[in-house]
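Student: Predicted structure and sequence below. I'll ask about it afterward.
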Amino acid sequence: MPRDIPRRRTLRPAIALVATGALLTGAAALLSDRVPAWLGIARNRFDTPGWFPWTLDDTAFHVFIWFGITLLALLAVRTTRARMLVGGVVVLISPVVEYLQIELSATRSFRLSDIIANTQGVALGVLAGLVIGAVADAIEARYDLAPHRKPPGRSMP
């Protein structure tokens, strides 16, 4: 990149790093034997707010985790095609994590209801990621100093 064209600052690498961390944390939580017990304790100690559409159970946990992972992953890439590809990869990863519960945990099991909840979270994450990503792309394009433009006051060789 020529020195006379300023580099664009973007949050996408940081978002990609956070998405990777969220995926690893979510996978660790879903493979943990302790998380279901913690959810039970939380459900007994805290009342669910009236506006919240679910009870605080395992299904809500799966939807929330996969929504967050998918949304962050989609915001880390630029194009709609890449976002759809990332969404497809996340859909494929969720049953793998569910299968690993059989192999890596003593009390967790492979359940179809968990895969359905994962898929719901991924679908909501894809929808939100496409909308928020399109808005972010439009804002970024508006303030973009594209490398193909000639900087003012300089001649191209």
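Tutor: The structure has been received and is ready for your questions.

Student: Moving C-terminal from the lowest-mean-pLDDT helix or strand in the chain, which element do we reach first?
Tutor: Least confident helix or strand of the chain, by mean pLDDT, DSSP states H and E, is helix 35-45 with a mean of 69. Scanning forward in sequence from helix 35-45 by DSSP states H and E, the next helix or strand is helix 58-75.

Student: Show me what stretch 95-107 is in contact with.
Tutor: The contact list for stretch 95-107 (C-beta atoms under 8 Å, 6 or more residues apart in numbering) reads 27, 30-33, 36, 108-111, 114-115, 118. In this view, the C-beta of every residue, glycine as well, is placed from N, C-alpha and C.

Student: tell me which of those is nearest to A19?
Tutor: Comparing the contacts of stretch 95-107 against A19 with C-beta to C-beta places A27 closest, at 12.4 Å.

Student: of the contacts of stretch 95-107, buried ones?
Tutor: A27, L30, L31, S32, R108, D114, I115, N118 (16 or more other C-beta atoms under 10 Å).

Student: Look at the last one and give its secondary structure.
Tutor: The one in question is N118. helix (DSSP: H, G, I helix; E, B strand; the rest coil).

Student: I'd say it and H62 touch.
Tutor: Yes: N118 lies in contact with H62 (C-beta atoms under 8 Å); the separation is 5.3 Å.

Student: now the chain, which segments are flagged as low pLDDT?
Tutor: By pLDDT under 70, the weakly predicted segments of the chain are 1-10, 36, 39-40, 42-44, 46-49, 52-56, 144-157.

Student: hmm, 90 instead?
Tutor: Applying pLDDT under 90 to the chain flags the ranges 1-62, 64-65, 69, 72-73, 75-80, 93-114, 133-157.
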